[in-house]
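Student: Provide a 3D model corresponding to the input given below.
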Amino acid sequence: MIRIVQLLTEKNHFLEKFFSLNETQISRLESGMYDDIEKFYNKREDLIKILKHLDQEVIKSHQQHKEINGVFTVTDKAALRECMRIKEMFVERIIDQDMQVLALIDEAKSKIIKELQDVRLAKKAMAGYKPNVA
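Tutor: This is a model prediction of the structure:
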């Protein structure tokens with residue numbers, strides 16, 4: 001197997017980890033557990049760094065392959081297409097997950113804002129009932 005296919009396979013492995021991380025966080029957010037959101041984002045950033053590094057390695061490997069061999073064999077092309085198909089599947093699913101995560105966070109923010117507004121109104125109402133002591 002050529003180096004580029006190995007790198008793309010490794011990248012797909014990390015995309016799968018990214019997907020799993022999102023799945024876990026979505027379940028937590030749906031349960032109202034927002035306490036570790038910072039940790040979640042840090043893990044995502046770490047995975048993104050790894051993915052970027054792998055992308056750079058793929059580019060280097062592609063350049064080296066072009067310089068040495070010039071073309072890909074039919075078998076290599078099939079393996080590359082399969083890696084790219086898997087990558088696209090994960091990317092689409094991760095985008096859908098990201099939209100879910102954003103929607104859940106936005107929903108929670110809206111609830112908090114509503115609760116704060118309700119507290120403010122309640123304080124105003126309570127202030128109206130305080131006796132004026134002179």
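Student: unless I'm mixing things up, Ile86 is touching Lys11, no?
Tutor: No. Using CB atoms under 8 Å, Ile86 is not in contact with Lys11, being 9.4 Å away. (C-beta placed from N, C-alpha, C; glycine too.)
Student: Quick check: Thr73 vs Ile2, distance?
Tutor: Distance check for Thr73 against Ile2: by CB to CB, to the nearest Å, it reads 9 Å.
Student: Show me which of these two is the more surrounded one.
Tutor: Ile2 (17 against 10; other CB atoms under 10 Å).
Student: does the more buried one really touch His65, like I thought?
Tutor: Yes. The pair Ile2 / His65 is scored as a contact, 6.5 Å apart, by CB under 8 Å.
Student: Give me the common contacts of the two.
Tutor: Phe72 (CB atoms under 8 Å, 6 or more residues apart in numbering).
Student: Leu15: neighbouring residues, count only.
Tutor: When neighbours are counted by other CB under 10 Å, Leu15 comes out with 21.
Student: before we move on, what about Leu47?
Tutor: 16.
Student: returning to what we had before: neighbour count for Ile86 and Lys11, which is higher?
Tutor: Using other CB under 10 Å, the more surrounded residue of Ile86 and Lys11 is Lys11, with 21 against 17.
Student: For that one, give its distance to Ser20.
Tutor: 15 Å.
Student: With Ser61 instead?
Tutor: From Ser61 to Ser20 the distance is 26 Å (CB to CB).
Student: What of Ser31?
Tutor: Counting by CB to CB, the gap from Ser31 to Ser20 is 17 Å.
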